[in-house]
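# A predicted structure for the sequence below; I have some questions about it.
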Amino acid sequence: MAARMNDFLRVGDAPRPSASQELGRRIRDAFLSELIAGPGTMAREAEKLKVDVSLQGADIDALHIDASGLVIHLRGAEVDDDDETAEVERREPAVARRATFAALPLRFQDVPLDIEATAVNVPIEWLELDDGGLAVGMPEEMTTRSRRAVRLQLSVAVNPDDVVEAIMRFLRADLAEVDSVHIDREKFTLKQLGPRRFRIGLSARVRWKFLGPTLRARTELRIDNRFVVRLLRTKITSSNPLLAVVLRVFRRRITQDLKKPIDLNQHLRPLVLRRLHIDAGPTRVRVESEAGLI
């Protein structure tokens, strides 16, 4: 039977190692191979990646990955989305009882991120492939009992200004190639109005040829108890009178499109959110979540 390798992590050659240290080395090499040689990414400070594993037979009793200090950048290369497949000669079911990931911080696109994640009771499969390779990943089919036992926790903290600046760098680079469009004087504001309720403001000057209007956008973001995201009371204005008229003409359509709800659980399947807590301050946003499998 063939398996999609995009859903699994190759960890060297079969058979499965019985020594914890050997498996830890293989997992570390596999992650670095994906980050450094994989399509679309590159990593620096790779020697800082640490992996510790404790094996009990086929089960992973404990796995800890520490990526603190790792620096990851997008290459800008086109990513190959074609599914690589391989014939599976042997499957060995197992479970990862506890897996943790920490990056305090990890730098992605020059944005420092504090990330902590924990996964408990995750079913896994060891696959021996027809090319002599070994892969590990989650099985496509799981019992209801095994799904209900899975618990996932994730905490991410970041300075929102760092995120906005990274996004603006991408936009500036792309727009500079489109008839010399430039963006500057950007300003971002974020205010927490209540649990999972925020007011967001963004303004920037857009320069094109002899024009240099300032665009301003303001909206309210809400996430309800069913984890559905909505943008409300959206307002978009411009300092340029002509552009302001155009925005008024299309404002209703724009705001109606932005009002369309986004169901996080629908987009996260097969994960299902159990808890979501967000603390948004002027210099730091922390997101804490708990999830399971459906």
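Received it, and whenever you're ready, just let me know what you need. All of these numbers come straight from a predicted model, not from anything done at the bench. Numbers count the residues shown, from 1 in each chain.
# in this structure, where's the longest helix?
Secondary structure of the chain per DSSP state H: the longest helix is helix 241-258.
# now that helix: buried residues?
Residues of helix 241-258 classed as buried by neighbour count (16 or more other C-beta atoms under 10 Å): 243, 244, 247, 255. For the C-beta atoms, the positions are set from N, CA and C on the backbone; glycine is no exception.
# what's near enough to touch residue 90?
Counting by C-beta atoms under 8 Å, 6 or more residues apart in numbering, residue 90 makes contact with 14, 127, 128.
# mind redoing it with 10 Å?
Residue 90 makes contact with 14, 15, 16, 126, 127, 128, 129, 130, 134, according to C-beta atoms under 10 Å, 6 or more residues apart in numbering.
# how about the longest strand along the chain: buried residues?
Longest strand of the chain, by residue count under DSSP state E: strand 85-108. Neighbour-count burial for strand 85-108, counted by 16+ other C-beta under 10 Å, picks out 86, 88, 94-103, 105-108.
# so where's the stretch 51-200 of the chain shaky on pLDDT?
For the stretch 51-200 of the chain, the stretches flagged by pLDDT under 70 are 74-84, 176-179.
# can you give me the strands in it?
In the stretch 51-200 of the chain, the strands defined using DSSP state E, counting those that start in this stretch lie at 59-66, 71-74, 85-108, 111-129, 133-137, 151-158, 181-194, 197-208.
# parallel or antiparallel, list what pairs with the fourth one.
Which is strand 111-129. Strand 111-129 has its sheet partners listed here by DSSP bridges as strand 85-108 (antiparallel), strand 133-137 (antiparallel), strand 151-158 (antiparallel).
# ok now stretch 150-163, how far from the chain's centre?
Relative to the mean C-alpha coordinate of its chain, stretch 150-163 is positioned 9 Å out (C-alpha atoms, centre = their mean, to the nearest Å).
# for it, output the C-alpha coordinates as PDB.
What follows is stretch 150-163 as a C-alpha-only set of coordinates in PDB (Å, rounded to 0.1, in the frame of the first residue of the first chain):
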ATOM      1  CA  VAL A 150      -5.100  13.000  22.400                       C
ATOM      2  CA  ARG A 151      -4.400  16.300  24.100                       C
ATOM      3  CA  LEU A 152      -2.600  19.300  22.500                       C
ATOM      4  CA  GLN A 153      -1.500  22.500  24.100                       C
ATOM      5  CA  LEU A 154       0.200  25.500  22.300                       C
ATOM      6  CA  SER A 155       1.500  28.800  23.600                       C
ATOM      7  CA  VAL A 156       2.900  31.500  21.300                       C
ATOM      8  CA  ALA A 157       4.000  35.000  22.300                       C
ATOM      9  CA  VAL A 158       5.200  37.700  19.900                       C
ATOM     10  CA  ASN A 159       5.500  41.500  19.600                       C
ATOM     11  CA  PRO A 160       2.800  42.600  17.200                       C
ATOM     12  CA  ASP A 161       5.000  45.400  15.800                       C
ATOM     13  CA  ASP A 162       7.600  42.800  14.700                       C
ATOM     14  CA  VAL A 163       4.900  40.900  12.800                       C
END
